[in-house]
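Participant: starting from these lines, generate the structure:
(chains A, B, C and D)
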There are 2 protein chains.
Amino acid sequence: MLSQTAEYALRAVLAIARGRGQAIGAAALAKQVGVPPNYLAKTLNVLVRNGVLVGARGRNGGFRLARRASQIPLLDVVTPFDDIRPGRRCLLGRPTCSDQNPCAAHQRWRGVSQRIGDFFGETTVEDVSAGSMSG
Amino acid sequence: MLSQTAEYALRAVLAIARGRGQAIGAAALAKQVGVPPNYLAKTLNVLVRNGVLVGARGRNGGFRLARRASQIPLLDVVTPFDDIRPGRRCLLGRPTCSDQNPCAAHQRWRGVSQRIGDFFGETTVEDVSAGSMSG
DNA sequence: CGATATCAGGATGAGAATATCCTATTATAT
DNA sequence: ATATAATAGGATATTCTCATCCTGATATCG
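Facilitator: Numbering: from 1, shown residues only, chains lettered A, B, ... in the order given. Below is the predicted model of the structure:
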């Protein structure tokens, strides 16, 4: 469903959210969510550039959420890595696919696609970070 | 959503279904659905080995559906290329994710995931091949 | 100040997915 | 029979994602 990188980003952001405002270093985060440390560092950096996280350098540095968890839809976490806009989710891979310009599967796929879009747009980091530690 | 290869497979199978029993050669098919000819040939070959298509060699050869279009769920077309079983669709990429062993996002993602699974399992090639030529 | 911990980010490598090429096999038409 | 048209499928090339490595910038602690 999501690229490896987007999954890493999600896991990391959820872990940060569980820290309740406490900054967490990339290395600790990597160990906690089980992803390659160096790669995660780059991924977190992208999230900083996209306004999802803020990164603090130097001793006692680390990453925090840029906004309250309730203000960050999962879409914001995922979008820098995967383009999941509705038009780009055509089942048959057409560059654009809409009600006006539908592919053969559009009519039937539409409802499902909508559900996916709604999920990422409406579910916030808070909604899912409240859950279990794992993942 | 799907890999490039799975998309190609879907497009090709839908085009074959529109041929109403008439065998279509890989080259003609490739031109019709707009995919690299040699690559499509390999992809079609996989579908033959998986019992979705039958390939006829020699002059006037080509590909036909192995069953009636109404008997081929999209899942069968896609599965040889993408593993989209529910357990493998964990948002956070855990190897297994279920009601018994859920990830943080499981509860909320579950409904959407189910819809996706139902779509591929229940929608048949006939359901979507009836639609437009394009795609 | 100086040592150290940490993010920022460019350069490079490994592997998978995608794409191309070529040869073998098989059926049909003449 | 022979030529030809088509699938079958191995070998190879290309591209992109994922991952590692290294250096620079910056903040904190003593």
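Participant: enumerate every residue touching residue A:93.
Facilitator: B:2, B:4, B:7-8, B:11 (C-beta atoms under 8 Å, 6 or more residues apart in numbering or on different chains). C-betas here are computed from N, CA, C, even on glycine.
Participant: ok, residue A:52 next?
Facilitator: Shown in contact with residue A:52 (C-beta under 8 Å, 6+ apart): A:13, A:65-66, A:72, A:76-77, A:80.
Participant: try 6 Å this time
Facilitator: Neighbouring residues of residue A:52 by C-beta atoms under 6 Å, 6 or more residues apart in numbering or on different chains: A:66, A:76-77.
Participant: where in chain A is pLDDT low?
Facilitator: A:131-135 (pLDDT under 70).
Participant: next, residue A:39: secondary structure please.
Facilitator: helix (DSSP: H, G, I helix; E, B strand; the rest coil).
Participant: enumerate the residues of chain A near DNA strand D.
Facilitator: A:3-5, A:8, A:35-39, A:41-42, A:56-61, A:81 (C-beta under 7 Å from any atom of the strand).
Participant: so which of those are in strands?
Facilitator: residue A:56 (DSSP state E).
Participant: can I get the longest helix along chain A as CSV, trimmed to CA atoms?
Facilitator: Ordering each helix of chain A by length in residues (DSSP state H) puts helix A:106-122 first. Listed in CSV are the C-alpha atoms of helix A:106-122, where the atom choice follows Å, rounded to 0.1, in the frame of the first residue of the first chain:
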residue,chain,number,x,y,z
HIS,A,106,-13.2,3.9,-12.5
GLN,A,107,-16.8,3.5,-11.7
ARG,A,108,-16.3,0.5,-9.5
TRP,A,109,-13.0,1.5,-8.0
ARG,A,110,-14.1,4.9,-7.1
GLY,A,111,-15.8,4.1,-3.8
VAL,A,112,-12.8,2.2,-2.5
SER,A,113,-10.5,4.9,-3.7
GLN,A,114,-12.6,7.5,-1.9
ARG,A,115,-12.4,5.5,1.3
ILE,A,116,-8.6,5.4,1.1
GLY,A,117,-8.4,9.1,0.5
ASP,A,118,-10.8,9.8,3.4
PHE,A,119,-8.8,7.6,5.7
PHE,A,120,-5.5,9.4,5.1
GLY,A,121,-7.1,12.8,5.1
GLU,A,122,-9.2,12.5,8.2
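Participant: go through the following helix or strand past that helix and flag the buried ones.
Facilitator: Downstream of helix A:106-122, the first helix or strand assigned by DSSP states H and E is helix A:125-129. Using 16 or more other C-beta atoms under 10 Å in any protein chain shown as the test for burial, helix A:125-129 gives A:125, A:127-129.
Participant: chain B: which of the residues you listed is nearest?
Facilitator: Closest to chain B out of these is residue A:128 (4.5 Å), distances taken as C-beta to the nearest C-beta.
Participant: grab the nearest non-local neighbour of the closest one.
Facilitator: residue B:105 (4.5 Å; C-beta to C-beta, 6 or more residues apart in numbering or on different chains).
Participant: could you dump the contacts of residue A:93 to TSV with neighbour count and distance to chain A?
Facilitator: Output for those, formatted as TSV (neighbours: other C-beta atoms under 10 Å in any protein chain shown; distance: C-beta to the nearest C-beta, whole Å):
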residue	neighbour count	distance to chain A
B:2	21	7
B:4	12	7
B:7	23	4
B:8	25	8
B:11	27	5
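Participant: can you put those residues in CSV and add distance to DNA strand C?
Facilitator: Compiled in CSV, these are given as follows (distance: C-beta to the nearest atom of the strand, whole Å):
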residue, distance to DNA strand C
B:2, 8
B:4, 3
B:7, 8
B:8, 7
B:11, 12
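Participant: near DNA strand C, which residues of chain A show up?
Facilitator: For chain A, the residues in contact with DNA strand C (C-beta under 7 Å from any atom of the strand) are A:24-27, A:38, A:41-42, A:44-45, A:48-49, A:55-63.
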